[in-house]
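>>> Quick one, fold the following:
(chains A and B)
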Number of protein chains: 2
Amino acid sequence: MVQYVGVENMVRLIGSVGIESYLIGLAGYIEDDFRRWASFEKAPRVASHSADGVIELMPTSDGASYAFKYVNGHPKNTRSGLQTVTAFGVLSDVETGYPRLLSEMTLTTALRTAATSAVAARHLARKDAATMAIIGLGSQSEFQAFAFKALLGIRKLRVFDIDPLATAKFLANLGQHDFEIEVAASAQEVVLGADIITTVTADKLNATILSDNMIGAGVHINAVGGDCPGKTELQSDILLRADVFVEFPEQTRIEGEIQQMAADFPVTELWRVIMGEAAGRRGRDQITIFDSVGFATEDFSALRYLRDQVVGTDYFDEIDLLTEPEDPRNLFGLLGQTGPFPRSIPGIR
Amino acid sequence: MVQYVGVENMVRLIGSVGIESYLIGLAGYIEDDFRRWASFEKAPRVASHSADGVIELMPTSDGASYAFKYVNGHPKNTRSGLQTVTAFGVLSDVETGYPRLLSEMTLTTALRTAATSAVAARHLARKDAATMAIIGLGSQSEFQAFAFKALLGIRKLRVFDIDPLATAKFLANLGQHDFEIEVAASAQEVVLGADIITTVTADKLNATILSDNMIGAGVHINAVGGDCPGKTELQSDILLRADVFVEFPEQTRIEGEIQQMAADFPVTELWRVIMGEAAGRRGRDQITIFDSVGFATEDFSALRYLRDQVVGTDYFDEIDLLTEPEDPRNLFGLLGQTGPFPRSIPGIR
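Presented below is the predicted three-dimensional model:
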């Protein structure tokens, strides 16, 4: 049988652990896996593009476990009450090829994206960062807020969305969770006094959410929303003034903010910073950017964490995704149409 | 909710429809999809190789539906009571990117492989073919037998496996299903008088299951077992005497029997034969080979057929693989930690 964690069990699990504890544990797995970056099989995602969106498969393996995520991105979906992004994933044993865990990954992707942002910010933001601006109050925004609170102690939020309903949703979701939230009337206003700026808008077109004149010295920009070809949030001038950190350069140059830049635009891989092989923040006035697009190893970490979290709990079901014949070569026998075994096997003389 | 067809429901469904009817229906879908070959997005499978086997993802899309299959191949698995091959798959709507159907595909792969073999043989074997030899009586063998009976009326089987237990299993499985079965003592013997030869052995190494002197004029060879790099069953001399038909040449040249041949070895695509654009069998003495490796469109067809088969039945479950928030932008709201909505949204003056 294969373990299955559906949405209901995922919600129960997060409720039981607590979202901040869950994010802290998940961030630990993500950071551990960044530390053994070389042991992962890495490839750009396998994308199937259509007029309305994209369906992607994101596989990776560390030689012991194999994971892949299925994820779609369909910006028009919200018009018909559907989500822009849904996802699920599987964790398998490399030795046997057998899937062991199937899980919802819509919530899990939101959690791992936020946890990865916070891991990066721990290495890249000023140590005394106290205020974060969030531009874009869609599905991902609350998860970013909780991750930065849980991992960096950021309680002061300045937030902006062009849609007042999104703002109201954000305030309702976070109102009773010990944040200090100020709502700004524009993107220009929201960045004032912020030590960290998180951009997490959902437009598919190239947009300028942050322009160069909005960015003061010492800021860390957590650029989450620009994550596919044609979708960026930062004016390119900002990238020229800043040091840019990425997950997997081959993928980020296609999907991230740096798709606006030349193919040899200098970037630093986050895993090198975590390992101490490359500098993160070097001084108070440096502008740092985490150009986040989401990479398969983060989903691997999230599935590995989930697998370990559900051990000994009832937060999973078992499903019959795999055949389990008594004799592995007797697949047909499962159909229950087998007669008696022959006493002897006739030759063909 | 996503429809889920696990192994138990698949067994019930096949039992209800009858395996021969199921194969006939499935073959119809496979042939229909071969007829609209140009409308599919086609790519070689995405493989993750390890010391003991391979895990592959096989995606395709016709612009309306998207499908992928996860399948492993681990020859050593049988030593520990596990199957060499297990699989599952998903069918999604391209317009929304939402998965609609998740299914076991171990049984389904065996069925679609056999149905595809029979579709090819209908176009390539002599019309009066009455006897099939099967070499290799593992998991796939019974499904091949049923597909050729259902689609070509082949009742006379001559069978051989080096393992008497595999032969006993085959005889028990097929004994009460109106076949005439003769067991041969060797591969040399088994091909005598056969109009169709199906090779479906499981060795990973290059093997010579059929050598040139065993193949008489007019035979159709259904070469199923050679399906990955380093795994072939036919002596290359046979390929030089025969006309070779393939699913997707780019993949077959890597995985099929023709991996032994030069990169420009002439092959004919099966879909062209089905469409009447290329000749299949041209005469009684021609030797034809279907160099089958299994292609993503066949899994697409199998999932599409399954989706249509379960409509109005109870042969599926519904699982909560996807989040379904009332407001698609309020993913966080699913966690049940939302407070009251604010009556008005404060500005930041």
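>>> Report the rounded mean pLDDT for the longest helix along chain A.
What stands out as the longest helix in chain A, according to DSSP state H, is helix A:106-124. Averaged over helix A:106-124, pLDDT sits at 97.
>>> Once you drop chain neighbours, what's closest to residue A:210?
Among residues not flanking residue A:210 along the chain, residue A:234 sits closest, at 5.1 Å (CB to CB, 6 or more residues apart in numbering or on different chains). C-beta here means a position set from N, CA and C on the backbone, and glycine is covered the same way.
>>> circling back: which is the next helix or strand following the longest helix of chain A?
strand A:131-135 (DSSP states H and E).
>>> partners of that next one, with directions?
Here strand A:131-135 is paired, per DSSP bridges, with strand A:156-160 (parallel), strand A:196-199 (parallel).
>>> Please list all residues in contact with the nearest residue to residue A:305 once chain neighbours are set aside.
In space, and not counting its chain neighbours, residue A:305 is closest to residue A:29: 4.2 Å by CB to CB, 6+ apart. By CB atoms under 8 Å, 6 or more residues apart in numbering or on different chains, residue A:29 lies in contact with A:301-302, A:304-305.
>>> quick check, residue A:29 in a helix?
Yes. Judged by DSSP: H, G, I helix; E, B strand; the rest coil, residue A:29 forms part of a helix.
>>> For it, give me the pLDDT.
98.
>>> Quick check: it vs chain B, distance?
Note on residue A:29: its distance to chain B, by CB to the nearest CB, to the nearest Å, is 20 Å.
>>> do residue A:261 as well
28 Å.
>>> rewinding a little: need phi/psi at the residue nearest to residue A:210.
The phi and psi torsions at residue A:234 (degrees, to the nearest 10) take the values phi -110, psi 140.
>>> Pull the number of nearby residues for it.
By other CB atoms under 10 Å in any protein chain shown, the residues close to residue A:234 number 29.
>>> How about residue A:224?
Counted with other CB under 10 Å, residue A:224 comes out at 27.
>>> ok, now which ones touch the nearest residue to it once chain neighbours are set aside?
Nearest residue to residue A:224 in three dimensions, chain neighbours excluded: residue A:200, at 4.3 Å (CB to CB, 6+ apart). With contact set as CB under 8 Å, 6+ apart, residue A:200 has these partners: A:134-136, A:138, A:140-141, A:144, A:224-225.
>>> let's see it at 7 Å
Residue A:200 makes contact with A:134, A:136, A:138, A:140-141, A:144, A:224-225, according to CB atoms under 7 Å, 6 or more residues apart in numbering or on different chains.
>>> Same check on residue A:263?
Going by CB under 7 Å, 6+ apart, residue A:263 touches residue A:253.
>>> Relative to chain B, how far out is it?
Distance, residue A:263 to chain B, using CB to the nearest CB: 24 Å.
>>> Break down the stretch 151-300 of chain A into its helices, ranges please.
A:164-174, A:187-190, A:236-241, A:249-255, A:270-275, A:296-310 (DSSP state H, counting those that start in this stretch).
>>> Indicate which one of these is closest to residue A:261.
Across the helices of the stretch 151-300 of chain A, residue A:261 has its closest neighbour in helix A:236-241 (5.9 Å, CB to CB).
>>> Near chain B, which residues of the stretch 201-349 of chain A are found?
Within reach of chain B by CB under 7 Å from any CB of the partner chain, the stretch 201-349 of chain A has these residues: A:319-323, A:327-336, A:338-342, A:345-348.
>>> List the beta-bridge partners for residue A:290.
Going by DSSP bridges, residue A:290 forms beta bridges with residue A:222, residue A:245.
>>> That one touches residue A:245, doesn't it?
Yes. Counting by CB atoms under 7 Å, residue A:245 is a contact partner of residue A:290 at 5.2 Å.
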